[in-house]
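**Student:** no sequence on hand, only this structure:
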């Protein structure tokens, strides 16, 4: 008989966590799109409609900031919207994930962190099947460089890190504060309005510009736009800024979740 080693135990635990995550992600996707006609492609409908509306209202006025091109404005708005929609939907779902599965963890001992991750994973799959192919095609056409196609994965990784960190933090806070969804809805609106999604960052006053820099989504959106829409080689500074923001948010969220999870069971 081969004795069990700490390394084997870690590998077994990691495999079990991965299989559990796969089951929960699959469950979330099936529950979300059961009986749906378009399935995951409904996620593209909102940014497409909003892009049309923003273009109709602001396209002519803001096109001057996008090389006097309505098409460039359309692509910039659409890119910003798909990034923000991924953030808002994944973090809002992760917020309620621990509490929603409280009845399960009271019967079966499961790692609590797996629940926020399962909703982040479901949204990643949705993004991979829906918006990402369009983003990669646009990047390849406008940049004409395969390097940009691969480089765009780095700010997208930063986006996943930010969403995971926020998901951990809000998922933990919701256990203690059940009014959090109402506050988070307002916070999400403030984040959206403070991001240059439908307006160019150049028009933001210097007094308010520091707010953009603090927002972890800002370097991610700007990096993705620079890589996919500018036609230039990837800006390493923007990529590093986005990854650093993602790592900081993930570290804060994971630390808070780990510190508070011992108190969860008394409140679930």
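**Tutor:** Here it is on my side, so go on. Computed from a predicted model, the values in this text were never measured in an experiment.
**Student:** what about whichever strand or helix holds residue 132, average pLDDT?
**Tutor:** Assigned by DSSP states H and E, residue 132 falls within helix 131-143. Taken as a whole, helix 131-143 carries a mean pLDDT of 91.
**Student:** tell me the helix or strand right after that helix.
**Tutor:** The C-terminal neighbour of helix 131-143 among helices and strands, as given by DSSP H and E, is helix 146-151.
**Student:** ok, and what's touching that next one?
**Tutor:** With contact meaning Cβ atoms under 8 Å, 6 or more residues apart in numbering, helix 146-151 is reached by 136, 139-140, 143, 227-228, 233-234, 239. Backbone N, C-alpha and C define where each C-beta goes, glycine included.
**Student:** out of those, who's nearest residue 88?
**Tutor:** residue 228 (20.7 Å; Cβ to Cβ).
**Student:** and the closest one, what pLDDT?
**Tutor:** Residue 228 is given a pLDDT of 92.
**Student:** now the one 4 residues further on
**Tutor:** Taken from the predicted model, the pLDDT recorded for residue 232 is 87.
**Student:** verify the stated contact: residue 180 with residue 174.
**Tutor:** Yes: using Cβ atoms under 8 Å, residue 180 is in contact with residue 174, at 4.7 Å.
**Student:** which residues do these two both contact?
**Tutor:** Residues touching both residue 180 and residue 174 by Cβ under 8 Å, 6+ apart: residue 95.
**Student:** burial of residue 255, as a residue count?
**Tutor:** 13 (other Cβ atoms under 10 Å).
**Student:** what does residue 248 give?
**Tutor:** Residues lying near residue 248 (other Cβ under 10 Å) number 14.
**Student:** ok, it to residue 60 distance?
**Tutor:** Note on residue 248: its distance to residue 60, by Cβ to Cβ, to the nearest Å, is 38 Å.
**Student:** list the buried ones in the helix or strand where residue 94 lies?
**Tutor:** Element membership for residue 94, per DSSP H and E: helix 70-95. Within helix 70-95, the residues that count as buried by 16 or more other Cβ atoms under 10 Å are 72-95.
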